[in-house]
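Colleague: predicted structure and sequence below. I'll ask about it afterward.
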Amino acid sequence: MNLTDTADLWWKNAVLYCADVQTFLDLDGDGQGDLRGMIHRVDYLADLGVTCLWLMPFYPTADRDDGYDITDFYGVDRRLGSAGDFVELVQTCHSRGIRVVVDFVMNHTSDRHPWWKDAVRSEDSTYRDWYVWRSSTPPDTSKQVVFPDKEDAIWEKDTASGQWYLHNFYRTQPDLNLANPAVRDEVMRTMGFWLQLGVDGFRIDAVPFLFAEDQLPKRERRFPHFDPHEYLRNLKAYAGRRNGTAMFLGEVNLPYPEMAEFFGSGDADELSMQFDFIGMQATYLSLARGDVRPLVTALRERPPIDVGSQWANFLRNHDELTLDKLSKAERQEVFDAFGPEPEMQLFDRGLRRRLPPMLGGDARRIRMAYSLMFSLPGTPVLFYGEEIGMGENLDVPGRLAVRTPMQWQPDDNAGFSTARRRALVRPVTQGPFGPDQVNVGQQRGDPESLWSFIQRLISRYRQSPEIGWSQVEVLDHPDHRVLAHLCRKDEWALVAFHNFADEPVEITVELPGVARGTGLVDLLTTGPAPRIEAGPRGRVSTTLPAYGYAWWRIVPEGDRRIDH
């Protein structure tokens, strides 16, 4: 492969790190994280090896949905800092080789947004048609509700006008009407504003919900039907004109065939990347069973993608750990294994836990899971605190259980803030995964810590662009406890093994197209890298310990890459 291509399509082998400014580092001592605190941790991210920082919403908000209910798309929440602080953060990140991606939330506004306030004053308001209204009584939509603990329908009656407005999320988040050309123009202006401030791309929230007018009866539609895919192509082209390397990362939790449509018609002319929700859910089912077949099925069903597109691999994000694409019986298996108590579950479809507590703190399984995530074709995405093995705080309600303050030091406030405990934006996690046991300060200096292991995975991943540039190639063998897969791009290739069993397993595979005598070098062992040679028909054998893992680079004749 041509190594210089990795500079043009930077997201193909990036390492993304998702952080919430509000819970990362409080520099001014008011109990809220802030942008200046984030600036003070840019070197920490660079040291870890992060190449792209994804910021959760930092805009002015009514604070009813942890920042996703926005009152001004052009601003910065004053509790977090100023626009000047944001520009300084972007500049500091860029100086360390870190790109910045921001959450782009244009499906809805807060009901405290000036547009909505104007829209509900009068049916003649300029902003009335910026939202989705209907006069006829809506049908039962209880099965379409995203948050069944708070809502029983996606339409809410406005008592002043007697009309209903659409809200796919909370009733305090009325949906914008992207069928309205004026709204689409505003979306572009908003995107252009943040691109002008230096951002490198957008994580686009709730993509399937963006096209709301289709919810209306045809007789009540105020605008001609528009093609959502054509609109995404126009948006991507616009971003490309403003910033030639802008990346769109989409949240599209749909079956694979429908996800594939959102990549576009070629060359990533719609979304650049999409989270692999199906692969993530299959991973947890395989972990619960100690059987890789669910994951193998998911990986083999991944649609082929063009060179400009990419899958985003993750084990945890900021929402509930959704299991909605599993069958009810499969979901129950994962619940039984990793969240058997009702307070660990959410919406009857997911878990509000982090990975280390779900795996009982077993360092072997935790490291195997992250080794797997980094070795699968695609781009790895870390949620803040994963690099040290943070746990959740089940005393915090709902999805916020995993959005607790970052644990920097072993003290009462985890080194997050000097404010009094009751002033913190959210309580610090307590118990075996609290800051006394899990913190950055202790782990950064320990070569055997999880932090050091994640740093090593990031380094090896960055040295192996074939991982990000390849399609899935699962290798056949008879033992269902071990996943063996090949990442291959032209002359560069890597084979990885992951043992999901609690006992050692010996595995033998044949590497297609690999000649006898071809060298393989171990990428994960510290110290001098062990080397082996492929046997007849590219046969390779290895013994993996319980929950063991291995990455072997296939070294063709004349390869000039450094082993580590």
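Modeller: Arrived safely, thanks for sending. Numbering: from 1, shown residues only.
Colleague: show me where the stretch 151-300 of the chain has its helices.
Modeller: With DSSP state H, counting those that start in this stretch, the ranges of helices along the stretch 151-300 of the chain come out as 181-196, 228-242, 256-261, 277-289, 293-301.
Colleague: let me know which of these is tucked in deepest.
Modeller: helix 277-289 (a mean of 23; mean count of other C-beta atoms under 10 Å). (Each C-beta comes from the backbone N, C-alpha and C, glycine too.)
Colleague: quick check: mean pLDDT of that helix?
Modeller: Computed over helix 277-289, the mean pLDDT rounds to 98.
Colleague: swap in stretch 410-426?
Modeller: 96.
Colleague: one more: stretch 104-115?
Modeller: Mean predicted confidence for stretch 104-115 is 96.
Colleague: to P536, which of the helices of the stretch 151-300 of the chain lies closest?
Modeller: Taking C-beta to C-beta, helix 293-301 is the member of the helices of the stretch 151-300 of the chain nearest to P536, at 25.3 Å.
Colleague: packing partners for the closest one?
Modeller: With contacts taken as 3 or more C-beta pairs under 8 Å, 6 or more residues apart in numbering; DSSP states H and E, helix 293-301 sits against helix 277-289, strand 473-474, strand 482-489.
Colleague: so which of those is nearest M1?
Modeller: For the helices and strands packed on helix 293-301, the distance to M1 is smallest for strand 482-489, at 4.6 Å, taking C-beta to C-beta.
Colleague: wait, which of the helices and strands packed on helix 293-301 is closest to G240?
Modeller: Each of the helices and strands packed on helix 293-301 has some distance to G240 by C-beta to C-beta; the shortest is strand 482-489, at 24.4 Å.
Colleague: output that closest one as CSV - backbone C-alpha positions only.
Modeller: Coordinates of each C-alpha in strand 482-489 appear next as CSV, following Å, rounded to 0.1, in the frame of the first residue of the first chain:
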residue,chain,number,x,y,z
VAL,A,482,-10.7,-18.4,19.3
LEU,A,483,-11.1,-15.7,16.7
ALA,A,484,-8.4,-15.7,14.1
HIS,A,485,-8.5,-12.9,11.5
LEU,A,486,-6.2,-11.4,8.9
CYS,A,487,-5.8,-7.7,8.1
ARG,A,488,-4.3,-7.4,4.6
LYS,A,489,-3.7,-4.4,2.3
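Colleague: so it versus helix 277-289, what angle?
Modeller: Counting by axes from the mean of the first three to the mean of the last three C-alpha atoms, to 10 degrees, strand 482-489 lies at 150 degrees to helix 277-289.
Colleague: now tell me what touches strand 482-489 from outside.
Modeller: By C-beta atoms under 8 Å, 6 or more residues apart in numbering, the surrounding residues in contact with strand 482-489 are 1, 286, 292, 295-296, 299, 372, 375-377, 464-467, 469-470, 472-475, 477, 493-501, 505, 507, 509, 511-512, 544.
Colleague: select from those residues every entry located in strands.
Modeller: 473-474, 493-499, 505, 507, 509, 544 (DSSP state E).
Colleague: farthest pair in those residues?
Modeller: A493 and V505 (22.7 Å).
Colleague: and those two? Which one has more around it.
Modeller: Using other C-beta atoms under 10 Å, the more surrounded residue of A493 and V505 is A493, with 24 against 17.
Colleague: pretty sure that one contacts S464?
Modeller: No. With contact defined as C-beta atoms under 8 Å, A493 does not reach S464; the gap is 9.4 Å.
Colleague: shared neighbours, these two?
Modeller: In terms of C-beta under 8 Å, 6+ apart, A493 and S464 are both contacted by the residues C487, R553.
Colleague: hey, which helix or strand in this structure has the poorest pLDDT?
Modeller: Least confident helix or strand, the chain: helix 5-8 with a mean of 85, by mean pLDDT, DSSP states H and E.
Colleague: packing partners of the helix or strand that that helix is followed by?
Modeller: Using DSSP states H and E, the helix or strand that follows helix 5-8 in sequence is strand 16-19. Under the contact definition 3+ C-beta pairs under 8 Å, 6+ apart, strand 16-19 sits against strand 52-55, strand 379-383.
Colleague: tell me the mean pLDDT over strand 16-19?
Modeller: 98.
Colleague: give me the number of neighbouring residues for P224.
Modeller: Each residue near P224 was counted by other C-beta under 10 Å, and the total is 8.
Colleague: now for it: which residues touch it?
Modeller: Residues in contact with P224 (C-beta under 8 Å, 6+ apart) are A179.
Colleague: and it, how far from R242?
Modeller: From P224 across to R242, the span is 27 Å (C-beta to C-beta, to the nearest Å).
Colleague: can you check G527 too?
Modeller: For G527, the distance to R242 equals 47 Å [C-beta to C-beta].
Colleague: do the same with L457
Modeller: 34 Å.
Colleague: about what we covered before: who does the least confident helix or strand of the chain touch, helix- and strand-wise?
Modeller: For helix 5-8, the packing partners by 3+ C-beta pairs under 8 Å, 6+ apart come out as helix 466-469.
Colleague: burial count for the residue lying closest to L197 once chain neighbours are set aside?
Modeller: Excluding the flanking residues, the one nearest L197 by C-beta to C-beta, 6 or more residues apart in numbering is V87, at 5.7 Å. Counted with other C-beta under 10 Å, residues neighbouring V87 total 14.
Colleague: how about the secondary structure of V87?
Modeller: helix (DSSP: H, G, I helix; E, B strand; the rest coil).
Colleague: I'd say it and Q196 touch.
Modeller: No. Between V87 and Q196 there is no contact under C-beta under 8 Å: 10.1 Å.
Colleague: residues in contact with L9?
Modeller: Neighbours of L9 in contact, by C-beta under 8 Å, 6+ apart: V307, G308, Q310.
Colleague: how about a cut-off of 10 Å?
Modeller: L9 makes contact with T245, M247, D267, A268, S272, V307, G308, S309, Q310, G468, W469, according to C-beta atoms under 10 Å, 6 or more residues apart in numbering.
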